[in-house]
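S.K.: Whatever this is, show me its structure:
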Amino acid sequence: MKEQQHSGKVYKVNGPIIEAIIFEDLMMLEVVYVGPKKIIGEVIKLYRDKCIIQVYEDTTMIKPDDFVYRTNNLLNVILGPGLLSSIFDGIQRPLTFLFNNSKQPFISAGEKLFPLNTDKLWHFKPIIKNNSFVKSGEIIGVVDETEKIQHKIMVPNFLEGEIINIKSEGNYKITDTIAQLKTKTKIVDLKLYQQWSVRSPRPYLKKDNEIEPLLTGQRVIDTLFPVKKGGVVMIPGGFGTGKTMTQQAIAKWCNADIIVYIGCGERGNEMADVLKEFEHLFDYKNNKPLIERTIIIANTSNMPVAARETSIYTGITIAEYYRDMGYDVALMADSTSRWAEALRELSARMEEIPAEESYPAYLASYLAKFYERAGKVVNLNSTKGSITIIGAVSPQGGDFSEPVTQQTKRFTKVFWALDKQLANERHYPAINWINSYSEYADEIVNWYNKHINDEFGKLRQEIINILAENEKLQQVVKLVGADVLPDNQRLIIETVDLFKNIFLQQNAYDAIDMYSVIRKQFLMLKIIIRYYEKAKLFINQGHTLLEVKRLPVYNTILKMKFSISNNELEKFENIILEIDKQISV
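M.R.: Here you go, the predicted structure:
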């Protein structure tokens with residue numbers, strides 16, 4: 001960013017909020033530098049002769065009368081080859097590069113570094129010729145960013161014209177000019193990277209209403225509470241319920257092309273553990289480390305609170321950039337509660353009138369702005385891409401009635417409620433099947449019926465009915481115990497226990513059980529329902545539940561999730577035949 005002469009001076013410092021006297025007109029949301037070390041900030045309020053600046057670095061050494069320098073720029077991110085496998089802070093400073101340069105555990109005040117590697121050579125392949133007329137978003141060439149991900153070089157948004165002087169295939173740095181665009185008024189140099197304001201959604205042609213599930217390999221999600229590509233999900237849960245673990249499992253197994261993980265306001269040691277785990281997570285579908293298709297935004301609780309607020313927008317802007325190339329992106333935000341707490345602190349320092357629990361009155365609108373940037377779209381270049389947002393919420397004490405959880409529910413359509421009791425029982429994913437829901441379920445079940453098996457929806461509804469009946473019976477069990485129930489009612493409880501332990505619970509460390517293809521999920525569900533229906537008829541003929549449980553097929557059902565892999569699905573059909581044979585009616 002090109003700096004000018006100082007445009008104001010500091011009048012008052014209140015933590016990350018600075019009030020400054022200005023000498024010339026500034027823009028709203030303009031990036032400015034403050035003090036002798038030129039720490040970065042953003043103008044968030046303007047008066048006649050003063051402004052309020054939100055600063056993204058430590059303001060300890062800032063004092064009244066320090067100068068403020070304008071840049072004539074908004075807060076932008078750099079978008080280009082090299083984003084994948086990178087770790088940035090909330091304002092896209094490359095943490096790995098900064099550490100290698102300074103060898104210090106914390107970022108020095110005023111530290112600035114170009115986010116992407118400017119020395120690395122990328123192999124550029126043009127796909128259009130000179131004198132071609134191109135529009136915004138059109139792809140002019142490609143770069144192999146990894147072995148599996150092709151980075152598409154696009155015309156920057158809001159530009160169109162004639163391509164001239166395009167480079168031939170070869171190796172170039174991202175700062176090299178690879179083509180020129182002749183517009184009606186000027187000639188623009190095109191490089192391998194472009195810039196975009198983090199607070200402005202990137203444009204697209206239209207929303208795409210085609211339904212396609214984001215398959216995660218987690219049975220409780222895909223079967224009971226599915227999400228579509230381009231959907232929005234919230235994962236509320238108290239401390240220790242497995243929010244980060246669930247998000248990591250989804251990142252590892254979901255059928256998205258790109259993963260953007262935002263660690264927003266989490267404790268530094270927890271974030272360090274996450275970074276280490278991501279480095280060792282293996283992408284079994286591509287036989288590559290997962291980090292090769294992952295971008296991490298790390299903004300811990302000991303970093304400046306204002307940068308925490310911005311990290312969400314940095315992550316979603318990068319996700320939109322890959323969506324524009326035609327990729328499906330899954331964005332994990334962990335957690336939006338810490339982001340909301342940053343809003344609350346900044347609002348309090350600006351002495352704004354607080355709303356519920358001291359959160360700012362604009363909390364709901366800010367949450368809406370973030371979640372509405374999800375979706376499946378037709379891009380400007382006619383490709384199709386999607387962003388699925390999975391946002392964790394950390395309500396204090398696991399209280400789902402607090403403002404962030406309640407406001408987030410207004411803008412999300414999937415609710416995976418994590419349960420402390422299930423987590424204490426080591427039942428993971430600890431998603432409570434009574435409190436959770438998915439508004440995409442009907443659409444996605446129709447997709448399952450068409451692409452997997454036309455019985456899928458019927459079987460899913462049957463197990464939901466059994467779960468509901470079990471919930472009623474549990475009220476009786478709490479009063480008088482299960483022994484007084486007749487066998488046909490005890491069978492319902494037994495079936496739910498089977499479903500809970502065999503289907504809903506998954507072992508992330510077991511090579512077979514860690515991931516289930518959707519076809520396997522259907523067959524496991526079919527077996528549990530077949531067992532229930534046959535046993536129910538068996539009991540109605542005068543047999544006991546104990547007789548059913550003594551049959552050899554019962555133990556086979558107990559072991560099936562560990563014994564049958566995704567490549568041996570024909571063995572499930574054998575279990576169905578055994579059920580029909582052994583529980584004969």
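S.K.: Just confirm Arg346 contacts Arg308, I think it does.
M.R.: I think there's a mix-up here, since residue 346 is Leu and not Arg. No - with contact defined as Cβ atoms under 8 Å, Leu346 does not reach Arg308; the gap is 9.6 Å. All C-beta spots, glycine's among them, are computed from the backbone N, C-alpha and C.
S.K.: neighbour-wise, which of these two wins?
M.R.: Arg308 (28 against 21; other Cβ atoms under 10 Å).
S.K.: Give me the mean pLDDT for the helix or strand harbouring the more buried one.
M.R.: Taking DSSP states H and E as the definition, Arg308 sits inside helix 305-324. Mean per-residue pLDDT for helix 305-324: 93.
S.K.: Beyond that helix, next helix or strand please.
M.R.: Taking DSSP H and E, what comes next after helix 305-324 is strand 328-334.
S.K.: residues in contact with that following strand?
M.R.: Identification of contacts with strand 328-334 by Cβ atoms under 8 Å, 6 or more residues apart in numbering yields 214, 229, 243-244, 247, 250-251, 254-264, 266, 312, 315-316, 319, 322-323, 339, 370, 374, 385-392.
S.K.: can you rerun that using 6 Å?
M.R.: Strand 328-334 is contacted from outside by 229, 244, 247, 254, 256-263, 319, 322-323, 386-392, using Cβ atoms under 6 Å, 6 or more residues apart in numbering.
S.K.: ok, Ile529 touching Leu459?
M.R.: Yes - under the criterion of Cβ atoms under 6 Å, Ile529 makes contact with Leu459 at 5.2 Å.
S.K.: what residues go with each domain of this structure?
M.R.: 6-73, 118-195, 207-219+227-412, 452-582 (automatic domain parsing).
S.K.: Just name the most buried of these.
M.R.: domain 207-219+227-412 (a mean of 21; mean count of other Cβ atoms under 10 Å).
S.K.: Give the rounded mean pLDDT of the longest helix anywhere in the chain.
M.R.: Secondary structure assigned by DSSP state H gives helix 456-480 as the longest helix of the chain. What helix 456-480 shows for mean pLDDT is 93.
S.K.: Point out the other helices and strands that that helix packs with.
M.R.: Applying 3 or more Cβ pairs under 6 Å, 6 or more residues apart in numbering; DSSP states H and E, we find helix 456-480 packed against helix 441-451, helix 487-498, helix 518-540.
S.K.: Any chance of those helices in a markdown table with mean pLDDT and distance to Met234 as columns?
M.R.: Converted to a markdown table, the helices and strands packed on helix 456-480 look like this (pLDDT from 0 to 100; distance: least, Cβ to Cβ, whole Å):
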| stretch | mean pLDDT | distance to Met234 |
| --- | --- | --- |
| helix 441-451 | 96 | 16 |
| helix 487-498 | 94 | 26 |
| helix 518-540 | 96 | 23 |
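S.K.: any chance of those in JSON lines, plus distance to Pro94?
M.R.: Below are the helices and strands packed on helix 456-480 laid out as JSON lines (distance: least, Cβ to Cβ, whole Å):
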{"stretch": "helix 441-451", "distance to Pro94": "38"}
{"stretch": "helix 487-498", "distance to Pro94": "50"}
{"stretch": "helix 518-540", "distance to Pro94": "38"}
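S.K.: Relative to Asn287, which of the ones you listed is closest?
M.R.: Nearest to Asn287 among the helices and strands packed on helix 456-480 is helix 518-540; the distance by Cβ to Cβ comes to 20.5 Å.
S.K.: so how far is that closest one from its chain's centroid?
M.R.: Helix 518-540 sits 34 Å away from the centroid of its parent chain (Cα atoms, centre = their mean, to the nearest Å).
S.K.: Would you double-check that Tyr69 falls in a helix?
M.R.: No - under the criterion used here (DSSP: H, G, I helix; E, B strand; the rest coil), Tyr69 is strand, not part of a helix.
S.K.: can you tell me how far it sits from Val34?
M.R.: 8 Å (Cβ to Cβ, to the nearest Å).
S.K.: same question, Asp89
M.R.: According to Cβ to Cβ, Asp89 and Val34 sit 18 Å apart.
S.K.: do the same with Gly315
M.R.: Distance from Gly315 to Val34, by Cβ to Cβ: 25 Å.
S.K.: what do you get for Lys12?
M.R.: Separation of Lys12 from Val34 (Cβ to Cβ) stands at 12 Å.
S.K.: before we move on, what about Leu331?
M.R.: From Leu331 to Val34 the distance is 31 Å (Cβ to Cβ).
S.K.: ok, now Ser108?
M.R.: In terms of Cβ to Cβ, Ser108 sits 15 Å off from Val34.
S.K.: One more: Ala361?
M.R.: 28 Å.
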